[in-house]
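Novice: need coordinates for the following:
(2 chains)
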Amino acid sequence: MTLNEFLTNNYALALLVLVPMLASIVLMLMPRTWSLAIRLVAVAATGITLIISSLLIWDYWTLVRDGHIAVSGAVDFFRIWQYNNKAVEGLLHFGPISLRMATDGAGVAMCLLTSLTIFSGVFASWKLKNRDKEYYTLLLLLVAGVFGVFVTVDLFFFFLFYEIAVLPMYLLIGIWGTGQKEYSAMKLTLMLLMGSAFVITGFLALYAQSSAFAAAHPQLGLKASFGLFDLVRASQAGAFTGDFARWFFLVFYVGFGVLAGIFPIHTWSPDGHASAPTATSMLHAGVLMKLGGFGLLRVALPLLPQGLHDWHWLIAVIAAWNIVYGAFSAMGQRDLKYVIAYSSVSHLGMVMLGLAAGGAVMDGHLAGAVTAVNGAVFQMFAHGIMTALLFALVGLVYEKAHTRDIDAMGGLARIAPGLAVAFTIAGLSSVGLPGTGGFIAEFLVFMGTFAAKPWIAAFACLGIVITSIYVLRLLRRVFFGKMDPHYEHMGDARTTEWVALTVTSAVILAVGIYPYPIIQIISSSVQPIVSLLQ
Amino acid sequence: MTETFSPISWLIVGLPVLSFLLIGLTIIVSGKTQRVARGVSPWVLIVCLLAALVISVGALRETRGRAEHAEDTRADMHTGGSFNHETEALPFSTWYQTSVDWMVPEAPTEQPETSAAIPAPPVNRALKVGVLLDPLAATMLVVVVLVSLLVQIYSFGYMKREEHPRFYLFMSLFTASMLGLVIAGSLLMLFIFWELVGLCSYLLIGFWYQKPEAARAAIKAFVVTRFGDLGLLFAVILLWLKYGDLSFAHLNQAIGGHGMSVETGFLTLIAILIFFGACGKSAQFPLHIWLPDAMEGPTSVSALIHAATMVAAGIYLVARTFFIFEMAPIALLVVALIGAFTALFAATIALAQVDMKKVMAYSTISQLGYMMMGLGLAAPAAAFFHLTTHAFFKAMLFLTAGSVIHAVHTQNIWEMGGLFKKMKVTAITCLIGGLALAGIFPLAGFFSKDKLMEAGLAAALGVNSTLAGAISPAVGWLILVMALVTVLMTAFYTTRMWALVFLGKPRSHEAEHAHESPPSMTFSLIVLAAITLVAGFLVVPHLTGMIAPEHEGLQQTQIAMITFTSLLLALIGVGWGYRVYGKAPTQEPLRKLGFVYAGMVNLWWVNAFFVFLAGHVVLALGSFIRWFDKTVIDGGLVDGTAWITGRIGHTFRRVGAGPLPGQLQYYAFVIFLIAVLVILGMSFFGSSGFSMGVFGR
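Specialist: Modelled structure (predicted):
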């Protein structure tokens, strides 16, 4: 089997899910005293996923580059999936449910993000001492779920993986967390499960509606199924219109929106992130919160375009509010982790703003729509890497300085220049400075949103200024100024930790300096979705 | 004609980038002691800049060649016709330019609307980065590379050895970004480097990060300029949405040269937004508040970034996009008024400052105001001329200030005095720079300032056709008077500063024991002084002639009158300043001015207002929202919902706890109750679709 066959026949996608899952089982069977071996298994498993997802994205890029996947024009929604939609189909098959795996440009990018984040996460939490075996077991299980969401095209399995990704979080925070961890873990789980209740309701309704529609119109030859493609066909035939589209879009918005931290159901996120251990916060803020936006992009946008159009103004207003409100909240915090957590709330508003602007396409703003949705997906990627780096850094600072109180720190740049440099890079990406991924994302979102909703976009731009205030104040109070002699022996990042910092910083800069390939990849999957919205 | 340097002009940016990477690499590999990095880093940057200087001078020569060639061709084509090639700028296609796709945000499916007047946007609306080498850029490249090179040589002696690696690392990045801004072929690329120079400014103001004031000033500079950058960002986005291509050549083609018919309102908005961005970078009122604080950085940084190059980027931006401003009369009026006001306003503050670097900082703001005024008066060539001469003499002034501070370890001019005998080179170069700033013949500043005054007179007399409908003669006179008063004040405060520093008797222990600075520092001063002496009439005017044709329509006598007036005012200022401060008074004579003096010392309370706004209002809003989120949203809404849910569960459990103790029974009871309710409901409302749906037909 050549490498090409491996990639195109979907073994790659299946392995992305299976490798972490198997590693998690292997870890469970290992004695808890083998602490180095446990870490090596985790590194190996996440390293393999990193290699696979890098190969996938490279392969996808060659296809886009050579014109096999069109990135422009009115692209047929199904055409981009042909490239990898064969082998795993029907692996598990019962009734309308069938385990189908396929992915598109956005999914490939998200897989790369996930593997980068977990790979550096393993290195960033190398020093963990308490029950490390169980910790890595749960972490890898969680990652398997995340990969599953990104590569599956069956709504039943989508939901299954979605839950696998959410539930281990309860234990990860409750056992290994800090501060009021039981409260945070409970709050996070309950709020996310509320979201799941909305999502499963929506999925069941989609299935019920489409099967009723198929039964009523046998001449169309539609199948009653949880498969995404069958549902898209039903949607194109007119199964989901009018009130159904309107109200069930709202159901999805709330359901996925919990995970995406929309106002006012974002409050699980600061508490949860602040209490979670380092690698968990990295993974959660970096990847899991993206499942919200990704779910909307994968399910709600293609299936219920009318619903997006009905609500896009509301989504845009809430998103802009998220951006400004999150930035102000971050400015008011004293705990380092809370600042970063609220900055995530603010930045995820950018994702929602981009998706909302996509809904304006029906009003004739095609020019902006693709750009805005591209920006939203790019923001998922860029923010994921950036926030993973930030949480890794906060974890390291906490571990070395034994405090997260910003006012108690200062002048750490002298003693930990490496941490200071990495923090500056991540902070500048957060600020949206050119040369970092954050700039590209914000620029695309604002370019797209300006066409459709100039006033909302202008309001959201205020968030840029507030962000630069709180990020730079944070840098100043933690790393600059006079150093308390108390921190003299704190030390800089060490060998394994450097891996985490270097990998993520390099990616932030790389996508900021030359965004062309990744935008083309994302655009190849956004174009067909926006075409469905028209 | 074959060109050697233009095709490799990207190397002018590439070489400092290379220097940045090399220095960064040496810092990483040379370990804890940094011995290698300390020795190597200055030389890496200096050598790279020498090479860049060769390329940029070559590129300038070639650009000039192109201009002459184009003029000749055009003159041939129009011989005998009524075409006046003096008044029409050369087309963008004359200049060397390249571009590559940098990102493709989208590709529209349908061809956008087109009309005969506006060329259609290209179908592939890619965002490009590339090079544009017109006389404006080519001249600016030489200025930036030259000043940067001299500042780097100066810093070799000025900065401490252990600071060298980090300093030259940041300086490499700054020089690369500034040159990228200058050479940018598209507004997007300009914006990217515009932000990057802001970053470098932040890093270098906060260079001594252990000083709390420096760390604070760095944030202030970044946030204030970034607030201005929002304007530029909006302009970039709106232009992209409208024209689909941000390269200057395309924008110029789409906007310029179509008379007033092309949507003046839209262009006015764009011009004002761009100007807002320029206000932030070029410290125009009321966004000037960051620049004086920026003096917390090392003096060589102040000289390069906050006097010669980065702060001039706003002027460069407006000059670069002047084809938009030309179409927007209201924008021109705003630019001219804000510029003239800033010039006057900052000059009054400079009169009363006691910190040598602060005097120069306000003087820089004032001179930038002049340049802005020149742009607003539709004299971009004059403004750019002043930019170039100012870059040299102001950099020199700052470097002399650094030399003085190096010697006496204070910045307070009242603690200096009598340094003339001890630091001859510094004193004389500072005198040359000061007289150039005051606008005394035959120094560079005289010539460029004179052009600006001519532009003012042209506006006042209403002979500049571009300004028709923008600036009425009455407003023109107002602007001219403001500019002339500023000339007087500039000469006065420059003399005050020089006299207090170099004349009289030493007023502190350090001043008594001061020594001249090392040769690496004085070398740069002497070179800059030489440039200031000759640049005014030998080099620069030949270049600015290519940038914009002069069409002021003033008569020779009128030009002579205004030149005479402004020179006279400058001389009066110098003389008056010498009279008041030449004998080195021990107390500030300006105190007699009472309230006015209080205003000047307190910066007219503008800074205090913004500090209040940022320090109290914005931060308080942050604290309020933090409280609101914690208490109302989280405590009220979220925990409240949880509480209500809990109470409901509790109530049910009480019911369950009575007859049927235990969890399982409790659930069974609840399900039973619901089932009963459903069945009861169906039997009441029976017949309809609900029961059909659940139980089938």
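Novice: on the three-state scheme, A:A224 is what?
Specialist: Reducing the assignment at A:A224 to three states with DSSP: H, G, I helix; E, B strand; the rest coil gives coil.
Novice: B:K421 - that's part of a helix, no?
Specialist: No - assessed by three-state DSSP, B:K421 does not belong to a helix; its assignment is coil.
Novice: chain B contacts on the stretch 201-350 of chain A?
Specialist: Remark: the part of the stretch 201-350 of chain A in contact with chain B comprises A:263-265, A:267-268, A:271, A:325, A:328-333, using C-beta under 8 Å from any C-beta of the partner chain. Backbone N, C-alpha and C define where each C-beta goes, glycine included.
Novice: let me fix that: the stretch 351-500 of chain A
Specialist: Contacts of the stretch 351-500 of chain A with chain B, taken as C-beta under 8 Å from any C-beta, map to A:366-368, A:370-371, A:374-375, A:411, A:413-414, A:428, A:431, A:433-435, A:439-440, A:443-444, A:446-448, A:450-451, A:458, A:461, A:464-466, A:468-470, A:472-473, A:476, A:479-483.
Novice: of these, which belong to helices?
Specialist: Where these overlap with helices, as defined by DSSP state H, the overlap consists of A:366-368, A:370-371, A:374-375, A:413-414, A:428, A:431, A:439-440, A:443-444, A:446-448, A:450-451, A:458, A:461, A:464-466, A:468-470, A:472-473, A:476, A:479.
Novice: and the residues you listed, which are buried?
Specialist: A residue is treated as buried here by neighbour count (16 or more other C-beta atoms under 10 Å in any protein chain shown); on that basis the buried members of these are A:366-368, A:370-371, A:374-375, A:413, A:428, A:431, A:439-440, A:443-444, A:446-448, A:450-451, A:458, A:461, A:464-466, A:468-470, A:472-473, A:476, A:479.
Novice: low-confidence ranges in the stretch 401-550 of chain B?
Specialist: Scanning the stretch 401-550 of chain B for pLDDT under 70 picks out B:538-550.
Novice: do the same with the stretch 51-200 of chain A
Specialist: A:68-95.
Novice: quick one: contacts for the residue nearest in space to the middle of chain A?
Specialist: A centroid search over chain A (C-alpha atoms, centre = their mean) returns A:K290, at 2.5 Å, as the residue closest to the centre. With contacts defined as C-beta atoms under 8 Å, 6 or more residues apart in numbering or on different chains, A:K290 is in contact with A:M110, A:L113, A:A260, A:V351, A:M380, A:H383, A:G384.
Novice: tell me the confidence at B:I644?
Specialist: The confidence metric pLDDT takes the value 77 at B:I644.
Novice: care to break chain B down by domain?
Specialist: B:339-601, B:611-695 (automatic domain parsing).
Novice: pick the most buried one from those domains.
Specialist: The highest mean neighbour count among the domains of chain B belongs to domain B:339-601 (a mean of 21), with neighbours defined as mean count of other C-beta atoms under 10 Å in any protein chain shown.
Novice: name the element B:L132 belongs to?
Specialist: Of the helices and strands defined by DSSP states H and E, B:L132 is found in strand B:127-133.
Novice: I'd like the mean pLDDT over the following helix or strand past that strand, please.
Specialist: Along the chain past strand B:127-133, the next helix or strand (assigned with DSSP H and E) turns out to be helix B:135-158. Confidence over helix B:135-158 (mean pLDDT, whole number) is 89.
Novice: pull the distance from helix B:135-158 to the chain's centre.
Specialist: Mean-position distance between helix B:135-158 and its chain equals 17 Å (C-alpha atoms, centre = their mean, to the nearest Å).
Novice: so what secondary structure elements neighbour whatever helix or strand comes next after that helix?
Specialist: Past helix B:135-158, heading to the C-terminal end, the next element that is a helix or strand (DSSP H and E) is helix B:164-183. For helix B:164-183, the elements it packs on are helix B:10-29, helix B:35-77, strand B:127-133, helix B:135-158, helix B:187-205, helix B:313-320, judged by 3 or more C-beta pairs under 8 Å, 6 or more residues apart in numbering or on different chains; DSSP states H and E.
Novice: nothing else from me, thank you.
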